[in-house]
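# coordinates only, sequence not included:
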């Protein structure tokens, strides 16, 4: 999957294919569903904020850019997001490309992304309705973030 894409990858655990779905088909799949899996792949460069010694303005600009990218991607999938709004959700955040980060640095790299997802749903990111998972796929490929929301 290339960076900058978003697809509904599964409904009730069954794959729905890789072709774009018409709105009527999405409604048909989503409304009776008990679970939905939304996958977003965004060209966000995530860096560890824990060991970053940049000026606070540069850090803030990067955080705002990450939050805006996530918010726009979620707004473009508003039907799915509206359906999941009051359900417990599992969110997997995967850092693509770059060097391997240890566990605490990986969590700090996703701080702005996690805050943006929680804010979009109107919930605190520490709520019991969230389950957060973190992973990474280091390597020379272009850097990005894959967000998988399941609920």
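Thanks, I have the structure now. All figures in this text were calculated on a predicted structure; none of them were measured in a lab.
# next, the most far-flung residue of the chain relative to its centre: phi, psi?
The outermost residue of the chain relative to its centre, with distances by Cα atoms, centre = their mean, is residue 55 at 26.3 Å. Torsion angles at residue 55 (phi, psi; degrees, to the nearest 10) stand at phi -60, psi 150.
# against residue 62, how distant is it?
Using Cβ to Cβ, to the nearest Å, residue 55 is found at 11 Å from residue 62. Every C-beta, even on glycine, is put in place using the N, C-alpha and C of the backbone.
# thinking again about what came up before, mind checking how far the residue farthest from the centre of the chain is from residue 151?
As judged by Cβ to Cβ, residue 55 and residue 151 stand 38 Å apart.
# the longest helix belonging to the chain - contacts with which helices or strands?
In the chain, taking DSSP state H as the definition, the longest helix is helix 56-75. Applying 3 or more Cβ pairs under 8 Å, 6 or more residues apart in numbering; DSSP states H and E, one finds that helix 56-75 contacts strand 36-42, helix 111-121.
# and the next element down the chain from the helix or strand containing residue 136?
In this assignment (DSSP states H and E), residue 136 forms part of strand 130-137. Counting by DSSP H and E, the next helix or strand C-terminal to strand 130-137 is strand 139-150.
# could you tell me how far that next one lies from the centre of the chain?
Strand 139-150 sits 9 Å away from the centroid of its parent chain (Cα atoms, centre = their mean, to the nearest Å).
# and the average pLDDT for it is what?
Taken as a whole, strand 139-150 has an average pLDDT of 88.
# angle of it against helix 56-75?
With axes from the mean of the first three to the mean of the last three Cα atoms, to 10 degrees defining the directions, strand 139-150 sits at 50 degrees from helix 56-75.
# buried residues, strand 139-150. List them.
Buried residues in strand 139-150, defined by neighbour count with 16 or more other Cβ atoms under 10 Å: 143, 144, 145, 146, 147, 148, 149, 150.
# related to what we said a few turns ago, how much space separates the residue farthest from the centre of the chain from residue 36?
Residue 55 sits 40 Å away from residue 36, going by Cβ to Cβ.
# same check on residue 93?
Residue 93 sits 18 Å away from residue 36, going by Cβ to Cβ.
# higher neighbour count, the two?
Between residue 93 and residue 36, residue 36 has the larger neighbour count (other Cβ atoms under 10 Å), namely 25 against 22.
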